[in-house]
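Enquirer: Here is a sequence together with a model predicted from it:
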Amino acid sequence: MGWVLDLDGVIWLGDTPIPGASEAVARLRAAGEDVVFCTNNSSEPITSVEAKLARHGIPAVGDVITSAVAGASLINPGETVRVCGGPGIAEAVTSVGAVVVRDGPADVVMVGYDRGFNYERLRVAASAVRAGARLIATNDDATYPTAEGILPGGGSLLAAVETASGVRSV
């Protein structure tokens, strides 16, 4: 048997570990269970997520799957991708042999959680999608739980791109 555990709100909330989470993972592993971690927060590179788990007492090298990785599985090697999201998306895109572009046309626009999202990024992303780029989302969650409280999630940004482009994401 194996376990797939979410991170935000299950293992941690922001930078604060959920009480008992590391002990529960250790018990599962001690019982011979496989444990992997899955997150729909696409903003951080996998190594950063693994390092955060390690800081919380959970070794996880090779055991993390992000929504950026899932989204990148829909991209072909050599395609150009405009990223509306954090470095986790850029890492996932380049790991499949695609190219992150900042200017010019793009084959794909990939949208995820992005605290730096602004009107200009919206304009460029929507224009690329209207010009024929495929729109891929890392998640459509309207909100994101943090220690600060509930914040707008990647789905809020995605909704803006979908509305401005008139195209639904994959």
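Expert: Everything's here; your move. Numbering: from 1, shown residues only.
Enquirer: And the contacts of stretch 75-83?
Expert: Here stretch 75-83 makes contact (CB atoms under 8 Å, 6 or more residues apart in numbering) with 89-90, 93, 96-102, 104-110, 124-125, 128, 133, 136. Backbone N, C-alpha and C define where each C-beta goes, glycine included.
Enquirer: mind redoing it with 10 Å?
Expert: Contacts with stretch 75-83, where a contact means CB atoms under 10 Å, 6 or more residues apart in numbering, come from 42, 68, 71-72, 89-112, 114, 121, 124-125, 127-129, 133-134, 136.
Enquirer: Which stretches in the chain count as strands?
Expert: If you assign secondary structure with DSSP state E, the strands in the chain sit at 2-6, 12-13, 16-17, 34-39, 64-66, 80-84, 99-100, 108-111, 134-137, 143-146, 149-152.
Enquirer: so which of the ones you listed gets nearest His56?
Expert: Nearest of the strands of the chain to His56, taken as CB to CB: strand 16-17 at 4.5 Å.
Enquirer: Relative to the closest one, what are the paired strands and their orientations?
Expert: strand 12-13 (antiparallel) (DSSP bridges).
Enquirer: Run the chain-centre distance for the strand it pairs with.
Expert: Strand 12-13 has its C-alpha centroid displaced from the chain centroid by 16 Å (CA atoms, centre = their mean, to the nearest Å).
Enquirer: same deal with stretch 99-114?
Expert: Using CA atoms, centre = their mean, the offset of stretch 99-114 from its chain centre is 14 Å.
Enquirer: Return the residues in contact with Glu44.
Expert: Glu44 makes contact with 50-52, 64, 66, 68, 86-89, 91, 113, according to CB under 10 Å, 6+ apart.
Enquirer: Can you mark which positions in stretch 135-149 are buried?
Expert: Using 16 or more other CB atoms under 10 Å as the test for burial, stretch 135-149 gives 135-141, 144.
Enquirer: confidence score at Arg121?
Expert: Listed pLDDT for Arg121 reads 94.
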